[in-house]
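Asker: sharing a sequence plus its predicted fold:
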Amino acid sequence: MSVEILNVSKSFGDTHAVQDVSLTIEQGEIFALLGGSGCGKTTLLRMLAGFESPDSGDVRINGESILALPPFHRHVNMMFQSYALFPHMTVEKNIAFGPAQDGLSKQEIAERVDEVLELVQMERYRKRKPAQLSGGQQQRIALARSLAKKPSLLLLDEPMAALDKKLRMRMQLELVSIVEQVGVTCIIVTHDQEEAMTMSNRIAIMDAGRIRQVGTPQEIYEYPNSRMTAEFVGSINLLPATVTACAESTTLQLKDAASTVVCRDTRAREGEAYLVAIRPEKVALSTEDEAAGPNCLRGVIDDIAYLGSHSVVHVRLENGKIMQAHMSNVSRDARTQIDFEQPVTLSWEPESVLLISEDD
Amino acid sequence: MSFLRRRIWVILPPYLWLLIFFALPFAFILKISLAETAVAMPPYGDIWSWTSGKFEWLGSLDNFRFLLDDEIYVLSYLNSLKLAAISTLIALLIGYPMALAIARMPESIRSFMLLLVILPSWTSFLIRIYAWIGLLKNNGLINHLLMSIGVIDEPIVMLHTNFAIYVGIVYGYLPFMILPIYANLVKLDLRLIEAAQDLGARPARVFFSITLPLSLSGIFAGCFLVFIPSVGEFIIPDLLGGPDTLMIGKTLWQEFFTNRDWPVASAIAVVMLAILMVPIYIYRRIELKRLGIEG
C-alpha cells in the first residue's frame, strides 16, 4: 500500500519541468513536495492526478501503474489551490458530486456526505453555497469533498495559500489531524517551508525539476545535503574554508579571516574546500571580548531585527561579511542590552557545524 | 454637496440619452397610436384639443381594438414569436459549441477567431441578406451544387419559405449569440473542470454539471440578444420570406408605407414593445435572483 514514482520526467517544449524523479511514499504517510515556483512540484502533482502525463517513467499505486487511467478513473483526489468548489452547488451537492459519479445509491451518498461533514465539523453549513463561506470554511469543504470518495491518495495543492497567517497555523494542525484520522496517504505541494515542516512526516526538496533531498523535517533542517537545501529551509551562515587537519575532529581555516573552525564532520580530507554551515540559532552572541580561539569570530552589530520571542542580530565580521545570530529574548530588557556598532564575539559548538561541498 | 453635484454629471448622460432616443420617440408613437387616421400631413389627427380654454380628449383605443378584430395581426405576432424562438434555439445550438471551442483555444488565436465571427458585420446587413437570395434560389449556388454532384434531380425550393427565414435570422444574429456565451465561457475557471474530472466525472458529465450551468447567464444574454431583434425583424422576412410569411415587422411596414395607416402601425409597435417586455422582465428576474444568491 504505497505510492511509487519511478524515474518520472516531463518537459514542456524546452523546459524540463520534472527530471528523473523517483520517490516512494508509504501508506498513511503525509509527504511534502517543497520548492520555489517553477521547481516542478505542481507538474509532478498534476501527473499524479492525471492532468498531465509524464514523458517517461511510471507512477504506481499499490504496485499497479495508474498512468493509463484518465483522471476520472484514478483513486486519487485533489484539494485544489483556492479549492475549486463548484459555485452553483451547495456544500452538500459539492461533496456529493464525487460519490455520485461512482453510481452509489442516494442513501449511501447521503451517508458519505454526513460522514465527511462531521469529520470537518461543518454539518451546520450543508445548505450554504461556497460564496457564503469564509476562507477557512471553504477549505474544510474542499477537504471534505476530496475525502468523500475515500481515495487511495490525497493530493493537497498549496492548501494554505488562500488563508491568512493566523488561520493558516490552526488549519495546518487541524488538516493533519483529519488526514491522520482518515489514514489516507497524502502528498502536499507547498512553497512554504514552515507549512511543509509542520504538516508532513517527510519532505522532498525540489529544485529545477529534480529532487534535491528527501528526509524528515529534522533531517532536512539539521543535515542539509547541499547549499541549495541549506539556504532554502531556514536561514544559515555559510563561511568558505579549507581543511587544514583531520583527526577525530576536522579543523578548517576560514577564508579571509584569521580564525579556525573545528567540527565533528570527519568525511573531509586535508586541502579540500568546504562551506562551513551554521544555523543562526546555534551561534552564541556575547558582548564580552572573549579570547579568540577556534569556532569564534569577532565583529560589530550591523542590524537588529526584534521579533518578540527572539531577535535576529546581523553581525559585521572583521572581513566585512555579515553573519546572523539569533538571540533569545529570555529577559524583558534583552533588546536594550545590545546596540548598533557594538563589538561582539560570536561562538558555536563543534557539533553545530556542518560541512557543505562548495561545488553546488 | 459637491460630491452629489459631481455624481449627477456621471448619471445624467445615460438618462438623457434614454430620454431623447427612447422615451421621446416612444411618446410620439404612443400618441399616434391613440389618434385617428386623417387624410392630412402628417396622416393622423390630434388626441386632444384646447379651444377657448377648454380641454377636450380626442384619443381612443380603437386602433388597439382593431388589432384584435383582424386576425392577421394576432397571427403575425404569434408567427413572429415562433420564428424568433426557433431561430434562437438553432442559433444557440450552433453558437454554443463555437463559443466553447473559441474559449478553449490558445489565447493567441482567440482574438483572431473572434474577429472572424465579427468580420461579416463589416458588410451591410441588407447586402448580406441579399446575398442569401443568390445562394438559396432555385437556380442558385446551393441547388446548382447539389444537382451537379447528383444528390438531387430537381431544385429544392428554399427561397421564400420559412426555412429561408430561419437561415437568415440564424446567419444574421449568430455573432450576438456567440459573443456573450464566449465572454462567459472564457472566464470559467478551468480548475472547476479539473476538479469535476478529479472527482470522477466523465467529459459529458462535466459539461452538463459544470460548464453548462455556469454559463447560463451567457446563454440567457445570447438568447435575448437574438430573440428580441428577431421578433421585429423586417429585412429577412421581406427578402427571404414568401408573400404569405406573416411576421410583425413586415406587417408593421406594410401598415406604415402601403396602407399609410400610421395610427394602426403605431399601435402594432406599442403592442410589440409590450410583448417584448415580458422576456426582458423574465431575464431581469433571473439575473437578479442569480446575483442575489451568488453575491
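Answerer: Yep, that arrived. Numbering: from 1, shown residues only, chains lettered A, B, ... in the order given.

Asker: any weak-confidence spans in the stretch 1-150 of chain B?
Answerer: The model of the stretch 1-150 of chain B has pLDDT under 70 over residues B:1-3.

Asker: 80 instead, please
Answerer: Low-confidence segments of the stretch 1-150 of chain B (pLDDT under 80): B:1-5, B:40-41.

Asker: just the stretch 51-200 of chain A next, same as before
Answerer: Checking the stretch 51-200 of chain A against pLDDT under 80 turns up nothing.

Asker: which bits of it sit near chain B?
Answerer: Taking C-beta under 8 Å from any C-beta of the partner chain as the contact definition, the stretch 51-200 of chain A meets chain B at A:51, A:70-73, A:76-78, A:80-82, A:84-88, A:97-98, A:101-102, A:129, A:131, A:145-146, A:149. In this view, the C-beta of every residue, glycine as well, is placed from N, C-alpha and C.

Asker: please repeat the previous calculation with a cut-off of 6 Å.
Answerer: Selection of the stretch 51-200 of chain A residues close to chain B by C-beta under 6 Å from any C-beta of the partner chain yields A:51, A:71, A:72, A:77, A:78, A:80, A:84, A:88, A:97, A:98, A:101, A:131.

Asker: of these, select the buried ones using a ChimeraX command.
Answerer: Selecting the buried subset of these in ChimeraX, with 16 or more other C-beta atoms under 10 Å in any protein chain shown as the burial test, is done by:
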select /A:51,71,72,77,78,80,84,88,97,98,101
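
Asker: flag every buried residue along the top helix by length along chain A.
Answerer: Determined from DSSP state H, the single longest helix within chain A is helix A:165-182. With burial defined by 16+ other C-beta under 10 Å, the residues of helix A:165-182 counted as buried are A:168, A:171, A:172, A:174, A:175, A:176, A:178, A:179, A:182.

Asker: kindly report the same for stretch B:55-73.
Answerer: Of the residues in stretch B:55-73, those buried (16+ other C-beta under 10 Å) are B:59, B:62, B:63, B:64, B:67, B:73.

Asker: residues near the nearest residue to residue B:134 once chain neighbours are set aside, how many?
Answerer: Nearest residue to residue B:134 in three dimensions, chain neighbours excluded: residue B:140, at 5.6 Å (C-beta to C-beta, 6 or more residues apart in numbering or on different chains). For residue B:140, the neighbour count with other C-beta atoms under 10 Å in any protein chain shown is 16.

Asker: and the gap between residue B:140 and chain A?
Answerer: As for residue B:140, its distance to chain A is 46 Å (criterion: C-beta to the nearest C-beta, to the nearest Å).

Asker: quick one, phi/psi of that residue?
Answerer: For residue B:140, the backbone dihedrals (degrees, to the nearest 10) come out as phi -90, psi -180.

Asker: you'd agree residue A:205 is in a strand?
Answerer: Yes: Residue A:205 forms part of a strand when assessed by DSSP: H, G, I helix; E, B strand; the rest coil.

Asker: wait, it sits on residue A:214?
Answerer: No: contact criterion C-beta atoms under 6 Å: residue A:205 and residue A:214 do not qualify, at 7.7 Å.

Asker: many thanks, we can stop here.
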